[in-house]
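J.: predicted coordinates and the sequence they were generated for:
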Amino acid sequence: EVQLVESGGGLVQPGGSLRLSCAASGFTFRSVYMNWVRQAPGKGLEWVATIREDGTEKHYADSVWGRFTISRDNANNSLSLQMNSLRAEDTAVYYCVRDRGYCRGGTCYAAFDSWGQGTLVTVSS
Amino acid sequence: AIQMTQSPSSLSASVGDRVIITCRASLGIRNELGWYQQKPGTAPKLLIYAASNLEDGVPSRFSGSGSGTDFTLTISGLQPEDFGTYYCLHDYNYPLTFGPGTKVDIK
C-alpha cells in the first residue's frame, strides 16, 4: 500500500523558516517524480514544486521561487521542502504527492495518484 | 504561465443527473490535463489523467474529454457520494496550474 506521511508543519513567524518532510513507503520511491501541492484555508489547490526521480530537475511555482527548495533522499525514501522567508500567504496545508506518470506516444502525462494527509503551516506573528 | 478557468464555479444537482464541468486553458495544452475530486477535510483524489483516461478504481460514470484549450468532466448519473470540489490540472509545462475548482452539491 502506498503511504505518504508529511511532518514538520507548525506555526512560524513571518520571515522565518520551516522544513517539511514526507516519508514514503509501499512503492519504488526512486522511480517517480514527486511534488508538493498546497491549499490555503478555504481556497483551491496550488502546485508548489516538482522534483525528478533522480533529483536533477526541479521546478517551482513563481510564488515560491527563490524561497523554497525541494529535495529528495532516495536512499531513505523521503521528500523535503525547505521553506525560507515565509510570508502570511504561505499559510496552507501542504501535501506530498506522488506522480505515477503515464507515457504514451512519446508524451508523458502527470497522474498525481497518491497524496499524503497534509501538514498545516501557519505563518503569523 | 498557462491560466486555467472552470465553469460553473458551483452547481447543485439531483441524484441521477448528468453533470458537466468545463475547464479552459489560456493556451493549447494538447491533452495534458487531469481531473481531481476533493471532499471536505480530505486530500484530493485522481479521477482522470491525459484528459480522458479513467484512473483505476474510479467509477465508469466519470469521463473526461477534450483537447487543446477546452475540456470537460462528465458525471453520467450523479451519485450521493459525488459531492465535493472538482479541479482540473494542466501538466503541459511548468508551472503546473490548477483550475479554481467547481463545487458540486447534491440536491
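T.: That came in fine, so what should we check first?

J.: got a list of what residue A:11 touches?
T.: A:122, A:124 (C-beta atoms under 8 Å, 6 or more residues apart in numbering or on different chains). The C-beta positions use only the backbone N, C-alpha and C, and glycine is treated the same way.

J.: the same query, at a cut-off of 6 Å, please.
T.: Listed by C-beta atoms under 6 Å, 6 or more residues apart in numbering or on different chains, the contact partners of residue A:11 are residue A:122.

J.: quick one: average pLDDT of the strand or helix carrying it?
T.: Assignment of secondary structure by DSSP states H and E places residue A:11 within strand A:10-12. For strand A:10-12, mean pLDDT is 98.

J.: quick one: strands adjacent to that strand?
T.: As defined by DSSP bridges, the strand partners of strand A:10-12 come to strand A:119-123 (parallel).

J.: distance from the chain centre to the partner strand, please.
T.: Computed by C-alpha atoms, centre = their mean, to the nearest Å, the separation of strand A:119-123 from the middle of its chain amounts to 13 Å.

J.: now stretch A:23-33
T.: Remark: stretch A:23-33 is offset 13 Å from the chain centroid, using C-alpha atoms, centre = their mean.

J.: circling back: ok, whichever helix or strand comes after the strand holding residue A:11: who's next to it in the sheet?
T.: For strand A:10-12, the following helix or strand on the C-terminal side (DSSP H and E) is strand A:18-25. Here strand A:18-25 has these sheet partners by DSSP bridges: strand A:3-7 (antiparallel), strand A:78-83 (antiparallel).

J.: can you redo those strands as a markdown table with mean pLDDT and mean neighbour count?
T.: Below are the strands paired with strand A:18-25 laid out as a markdown table (pLDDT from 0 to 100; neighbours: other C-beta atoms under 10 Å in any protein chain shown):
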| stretch | mean pLDDT | mean neighbour count |
| --- | --- | --- |
| strand A:3-7 | 98 | 17 |
| strand A:78-83 | 98 | 21 |
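
J.: spatially nearest residue to residue B:50, not counting backbone neighbours?
T.: In space, and not counting its chain neighbours, residue B:50 is closest to residue A:109: 4.2 Å by C-beta to C-beta, 6 or more residues apart in numbering or on different chains.

J.: which residues touch the residue most central in space within chain A?
T.: The centroid of chain A falls nearest to residue A:36 when counting by C-alpha atoms, centre = their mean (2.0 Å). Going by C-beta under 6 Å, 6+ apart, residue A:36 touches A:48-49, A:81, A:94.

J.: once you drop chain neighbours, what's closest to it?
T.: residue A:48 (4.2 Å).

J.: in three-state terms, label the one you found for me.
T.: strand (DSSP: H, G, I helix; E, B strand; the rest coil).

J.: mind checking pLDDT for residue 92?
T.: By default, I'm working from chain A. For residue A:92, the model assigns a pLDDT of 98.

J.: you looked at the wrong chain, it should be chain B
T.: pLDDT, residue B:92: 97.

J.: can you tell me the SS state at it?
T.: coil.

J.: so it sits against residue B:32, correct?
T.: Yes: between residue B:92 and residue B:32 a contact is recorded at 4.2 Å, counting by C-beta atoms under 6 Å.

J.: which one's more surrounded, the two?
T.: Taking neighbours as other C-beta atoms under 10 Å in any protein chain shown, residue B:92 and residue B:32 compare with residue B:32 leading, 22 against 18.

J.: which residues of chain A lie near chain B?
T.: Within chain A, the positions near chain B by C-beta under 6 Å from any C-beta of the partner chain are A:44-45, A:47, A:59, A:61, A:95, A:102, A:109-113, A:115.
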